[in-house]
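Q: Task: produce atomic coordinates for the following.
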Amino acid sequence: MSCISWDSIEESTKQNIWTAQRIFSSISIVSITTVFGYVFRRRFICKRKFTNPAERLVLLNLVPVFIGTIGMLISNDPWGDDPNNVNMPYCQFQTVLIEFRDMGCVLMAALFAWNLYTIIHTFRRPSATSHFTVNDLLRHLERRERFYIVIAYFGGVVFAVVSIPLAAPRNQWCWVKNAEIGGPLGNSLYALLFFFAWMWIVLVFSIAVLLYVWYDRLQHRRDYKTMKDIRSGSIAAFSWILIIDVMVWVCASTNRFWSFAKECDNLQLIILQAAFSCGRGMLLATAYFLLKVKGQFIELEPMPEMVDAPYSTS
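A: Numbering: from 1, shown residues only. Just a heads-up that it's a prediction; the model follows:
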């Protein structure tokens, strides 16, 4: 794998990368728009509510992805060729969109992993039904749902706003600039604070939870085959979202570690990161429709407001 710098890449190659980004981003935007169209038709035309909290969370996770994909779609237009004469309002606008997606999705993934662990650890076991009912799980997910959205969306907005004065062209798109403190670690300070440090924490947590789910399935295959309630769909939905997030983040991390270790870029890793980052919306929308077709989002009766049940998720 060759060691290059972005500035040394031929202009025609850069244009090809940006064209590929626009293609993948356009497919992702169309895919998510199709999901939103289905949501609009069902909710406002057919007057049918989404009663499954797992399905609602999967849909709400598409919002930051959609916004960030718009930022990647408009990359490289029009920055300007002179690094000292960049179209900063445009670059800052793109940075805000991408940063909102990055941190919004990181926070959402942490909450997906937390939910998935809770379901397996507390609600999955057949013996749990003598202590916790499926309705307890439903109430539990609904209580967490509002908290999730506030944390993920508000956190994404805060990081996006703070990133505005730090915006600068960063290879394929505008994002936070190098800190220019000195050395690879010092130059990466803003990138770590605005995404990578948080992402790596959630990445490790997500992989650990997914391995826990995999181990649990191997140990209790019969239990999973007989599980026909909200637990089954929630486990499948949260697992697939985390798997897609892990794939995207592994590509971004590999590119970052290469740049950190070699103090240069690698063209193949740049292309791989661009493809997965821009195509993320397509993967998530496809996963949603597949889960929907397979009947993983069970329709539920609206739950009455009740006092919190005295159970622990630890």
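Q: in stretch 278-298, what's buried?
A: By neighbour count on 16 or more other C-beta atoms under 10 Å, the buried set for stretch 278-298 is 278-285, 287-288, 291-292, 296-298. In this view, the C-beta of every residue, glycine as well, is placed from N, C-alpha and C.
Q: export that stretch as CSV, just CAs?
A: Output in CSV follows, covering the C-alpha atoms of stretch 278-298 (Å, rounded to 0.1, in the frame of the first residue of the first chain):
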residue,chain,number,x,y,z
CYS,A,278,-21.3,7.9,1.8
GLY,A,279,-23.1,4.6,1.3
ARG,A,280,-24.1,4.2,5.0
GLY,A,281,-27.6,5.5,4.4
MET,A,282,-28.2,2.9,1.7
LEU,A,283,-27.1,0.1,4.0
LEU,A,284,-29.2,1.4,6.9
ALA,A,285,-32.3,1.9,4.7
THR,A,286,-31.8,-1.6,3.2
ALA,A,287,-31.5,-3.1,6.7
TYR,A,288,-34.7,-1.4,7.8
PHE,A,289,-36.8,-2.7,4.8
LEU,A,290,-35.4,-6.2,5.2
LEU,A,291,-36.3,-6.2,8.9
LYS,A,292,-39.7,-4.9,8.0
VAL,A,293,-40.3,-7.6,5.3
LYS,A,294,-39.2,-10.3,7.7
GLY,A,295,-41.7,-9.2,10.3
GLN,A,296,-39.2,-8.2,12.9
PHE,A,297,-41.1,-5.1,14.0
ILE,A,298,-44.1,-6.5,15.7
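Q: Residue 61 contacts residue 283, correct?
A: No. With contact defined as C-beta atoms under 8 Å, residue 61 does not reach residue 283; the gap is 11.9 Å.
Q: about what we covered before: list the ones among the buried residues of stretch 278-298 that fall in helices.
A: 278, 280, 281, 282, 283, 284, 285, 287, 288, 291, 292 (DSSP state H).
Q: Identify each of the strands in the stretch 51-200 of the chain and give its residue range.
A: Taking DSSP state E, counting those that start in this stretch as the criterion, the stretch 51-200 of the chain contains strands spanning 167-170, 173-176.
Q: what does the first one rub up against?
A: By that I understand strand 167-170. By C-beta atoms under 8 Å, 6 or more residues apart in numbering, the list of residues contacting strand 167-170 from outside reads 79, 83, 86, 88, 91-92, 94-96, 174-178.
Q: again, only using 7 Å
A: Defining contact as C-beta atoms under 7 Å, 6 or more residues apart in numbering, one finds that strand 167-170 is touched by 79, 86, 88, 91, 92, 95, 174, 176, 177.
Q: What of stretch 188-201?
A: So stretch 188-201 is contacted by 99, 102-103, 106, 159, 163, 166, 176-177, 179, 181, 249, 253, 256, 260 (C-beta under 7 Å, 6+ apart).
Q: ok, so of those, who is nearest residue 208?
A: Among the contacts of stretch 188-201, residue 249 lies closest to residue 208 (C-beta to C-beta), at 14.0 Å.
Q: Tell me where the stretch 201-314 of the chain has strands.
A: Counting by DSSP E, counting those that start in this stretch, the stretch 201-314 of the chain contains no strands.
Q: residue ranges with poor pLDDT in it?
A: Low-confidence segments of the stretch 201-314 of the chain (pLDDT under 70): 301-314.
Q: Next: the stretch 51-200 of the chain.
A: For the stretch 51-200 of the chain, counting by pLDDT under 70, the residues that fall below are 77-85, 125-132, 182-186.
Q: The strands of the stretch 51-200 of the chain: which one's closest to residue 37?
A: Closest among the strands of the stretch 51-200 of the chain, using C-beta to C-beta: strand 173-176, at 26.9 Å.
Q: Just the C-alpha atoms of the closest one, please, in CSV.
A: Only the C-alpha atoms of strand 173-176 are listed here, as CSV (Å, rounded to 0.1, in the frame of the first residue of the first chain):
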residue,chain,number,x,y,z
TRP,A,173,-14.7,16.9,2.5
CYS,A,174,-14.6,19.8,4.9
TRP,A,175,-14.3,19.0,8.6
VAL,A,176,-12.3,20.1,11.7
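Q: Which strands or helices does it pack on?
A: helix 88-118, strand 167-170 (3 or more C-beta pairs under 7 Å, 6 or more residues apart in numbering; DSSP states H and E).
Q: quick one on the thing from earlier: and the furthest pair within the contacts of strand 167-170?
A: 79 and 176 (15.2 Å).
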